[in-house]
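Asker: Starting from these lines, generate the structure:
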Amino acid sequence: AVLPNMISRRTGQIVLVNSIQGKIGIPFRAAYAASKHAAVGFFDCLRAEMEEFDISVSTVNPTFICSYHRQPAPGNWEASIWK
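Answerer: All right, here's what the predicted structure looks like:
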């Protein structure tokens with residue numbers, strides 16, 4: 001319920017930390033990707049609505065992290081993601 005206060009002050013910043021799957025689709029993750037795409041779409045609309053009040057609306061979409069502990073097996077469909 002902070003948005004009405006931001007509107008009355010005509011300033012503020014809203015940040016969504018989402019997922020890269022809000023921008024790209026990954027096999028077998030359709031439901032998850034759909035929810036992330038929906039969040040990005042909602043924030044795109046909110047950004048347009050809040051522009052007149054000088055309220056900044058941003059999304060951050062972290063990507064995958066290739067770590068030592070999580071390496072895909074060769075030939076695995078995930079292998080192309082890590083390249």
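Asker: any idea how far Phe43 is from Leu3?
Answerer: 13 Å (C-beta to C-beta, to the nearest Å). The way it works is simple: take the backbone N, C-alpha and C, and place the C-beta from them, glycine included.
Asker: Give the residues shared as contacts by the two.
Answerer: Ile14 (C-beta atoms under 8 Å, 6 or more residues apart in numbering).
Asker: Among these two, which residue is more densely surrounded?
Answerer: With neighbours defined as other C-beta atoms under 10 Å, Leu3 and Phe43 compare such that Phe43 has more, 19 against 14.
Asker: Help me confirm that the more buried one is found in a helix?
Answerer: Yes. Membership of Phe43 in a helix is supported by DSSP: H, G, I helix; E, B strand; the rest coil.
Asker: can you pull out the strands in this structure?
Answerer: 12-17, 55-60 (DSSP state E).
Asker: Of all these, which one comes closest to Gly25?
Answerer: Closest approach to Gly25 among the strands of the chain (C-beta to C-beta): strand 55-60, 17.0 Å.
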